[in-house]
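Peer 1: Using only what follows, build the 3D model:
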Amino acid sequence: MHNCARYLIFFQYIGTKYSGVVKMPQHELVKKGVQDHVEDAIRRLKPINPVSLSVSSRTDRGVHALSNSAHFDLQRKNDKPPFAEDIIVQALNNHLKEEQIGITRALRVPDNFHARFRANSRTYVYRIALGIPHHTLLPVTEHRLCWNLSNTELDVGAMREAATLLIGTQDFSTFRAVSSDIHFKNPVKTLDVVSIQPGRSFVQTHFLREIPFWEITFTSRSFLYKQVRRMTGALVAVGQGRLSVPQLKEILLARDSLAYPQAMVAPPDGLFLTRVDYRETDLQFSQQTSEEQCISSGNSEE
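Peer 2: Got it, this is the predicted structure:
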């Protein structure tokens with residue numbers, strides 16, 4: 001129908017209290033996923049079509065996002081016109097105010113747009129705090145938002161040398177965790193960016209002492225399950241001297257998830273999805289002349 005609209009939303013969240021971004025099966029529900037809460041908020045807009053949010057990038061339990069994205073269809077009753085984009089943002093945020101979830105932007109997009117498959121790139125940043133033997137010694141604004149290491153320094157030069165091994169198109173089987181769909185996912189990915197730069201605490205100018213922070217940034221069109229956390233853990237191990245650059249190359253070339261030392265995986269706390277980028281031409285909406293029914297979209301994974 002003419003009043004059926006497809007929206008792309010960008011949203012952020014602190015992932016600590018959620019089971020991940022996508023919703024869990026009802027029989028397995030312990031904590032709700034971010035998707036559950038956003039879909040509940042959309043339902044409160046009283047659409048007449050079934051609500052189904054298609055998330056662009058899957059993040060796991062404890063992982064955060066400064067900018068994830070998703071699309072959904074919304075048809076209003078009584079042939080009311082589609083909501084304006086700013087109304088979508090305000091209304092959803094009002095219904096999400098009790099959660100650590102926020103909608104930052106909404107765009108009306110073409111009816112055939114898909115948030116996952118049209119994504120051009122995704123960027124993750126992993127935050128590391130040095131010289132902190134226990135997370136309780138962090139400022140409260142950093143709890144569960146970084147990986148605290150007791151090391152006072154890392155060999156960043158060695159880490160950057162190791163990072164060059166990861167850039168480009170190659171088989172990342174070693175860096176994917178075992179999952180139910182492991183045999184259906186192509187392990188060949190193109191990693192466009194791996195950079196290691198100084199970071200800072202969220203309250204650096206107000207905290208009693210300065211804490212050294214480092215940020216590792218990864219950009220690719222898509223990633224394998226837990227690939228970023230496994231790559232981060234390996235790079236930190238190189239920085240700590242527990243893994244050499246040649247050893248990292250060896251486990252990469254093994255192309256076997258079992259070749260990765262399990263105790264090396266970085267925890268979810270410091271991982272942030274920071275960007276999901278699209279081509280502007282894919283986002284451009286023009287009024288459809290044909291009548292189209294709202295179609296439900298399935299869940300998506302990173």
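Peer 1: switch to C-alpha atoms for all contacts and neighbour counts from now on
Peer 2: OK.
Peer 1: Give the buried residues for the helix or strand harbouring Arg275.
Peer 2: Using DSSP states H and E, Arg275 falls within strand 271-277. By neighbour count with 16 or more other Cα atoms under 10 Å, strand 271-277 contains the buried residues 271-277.
Peer 1: quick one: which of these is nearest to Ser56?
Peer 2: Val276 (8.0 Å; Cα to Cα).
Peer 1: The closest one pairs with what?
Peer 2: Arg122 (DSSP bridges).
Peer 1: my read: it touches Ser69, true?
Peer 2: Yes. Val276 lies in contact with Ser69 (Cα atoms under 8 Å); the separation is 6.8 Å.
Peer 1: what sits in contact with each of those two?
Peer 2: Ser56 (Cα atoms under 8 Å, 6 or more residues apart in numbering).
Peer 1: need the helices for the stretch 201-302 of the chain, in chain order.
Peer 2: In the stretch 201-302 of the chain, the segments counted as helices under DSSP state H, counting those that start in this stretch are 227-240, 245-254, 280-283.
Peer 1: Would you mind checking the average pLDDT for the first one?
Peer 2: Average pLDDT, helix 227-240: 98.
Peer 1: what packs against the strand holding Arg275?
Peer 2: strand 64-75, strand 121-130 (3 or more Cα pairs under 8 Å, 6 or more residues apart in numbering; DSSP states H and E).
Peer 1: Now mean neighbour count, mean pLDDT and distance to Asp155 too, for the ones you listed, in CSV please.
Peer 2: Output for these, formatted as CSV (neighbours: other Cα atoms under 10 Å; pLDDT from 0 to 100; distance: least, Cα to Cα, whole Å):
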stretch, mean neighbour count, mean pLDDT, distance to Asp155
strand 64-75, 25, 98, 27
strand 121-130, 23, 98, 12
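Peer 1: okay, those in CSV with distance to Ile88 next?
Peer 2: Shown next, in CSV, are the helices and strands packed on strand 271-277 (distance: least, Cα to Cα, whole Å):
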stretch, distance to Ile88
strand 64-75, 10
strand 121-130, 24
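Peer 1: Report the separation between the residue lying closest to Gln204 once chain neighbours are set aside and Asn151.
Peer 2: For Gln204, ignoring the flanking residues on the chain, the nearest one in space by Cα to Cα, 6 or more residues apart in numbering is Glu210 at 6.4 Å. Per Cα to Cα, to the nearest Å, Glu210 is found 15 Å from Asn151.
Peer 1: Can you tell me what sits against stretch 228-246?
Peer 2: Counting by Cα under 8 Å, 6+ apart, 124, 126, 151, 154-156, 158-159, 161-163, 175-176, 216, 218, 248, 264-268, 271 sit against stretch 228-246.
Peer 1: what does stretch 68-87 give?
Peer 2: 1-12, 46-49, 51-57, 105-108, 114-116, 273-276, 294-297.
Peer 1: Show me just the buried residues among these.
Peer 2: 2-12, 49, 51-57, 105-108, 114-116, 273-276, 294-295, 297.
Peer 1: domains of the chain?
Peer 2: 4-113, 124-276 (the TED database).
Peer 1: What is the burial count for Tyr278?
Peer 2: If you count neighbours by other Cα atoms under 10 Å, Tyr278 ends up with 16.
Peer 1: Then the one 5 residues further on?
Peer 2: Taking other Cα under 10 Å as the neighbour definition, Leu283 ends up with a count of 17.
Peer 1: residues in contact with it?
Peer 2: Counted by Cα under 8 Å, 6+ apart, Leu283 has contacts 107-110, 113.
Peer 1: next one: Ser179
Peer 2: Ser179 touches Tyr225, counting by Cα under 8 Å, 6+ apart.
Peer 1: neighbours around Ser222, how many?
Peer 2: When neighbours are defined as other Cα under 10 Å, Ser222 has 21 of them.
Peer 1: My guess is it contacts Arg118. True?
Peer 2: No. Counting by Cα under 8 Å, Ser222 does not reach Arg118; the two are 11.2 Å apart.
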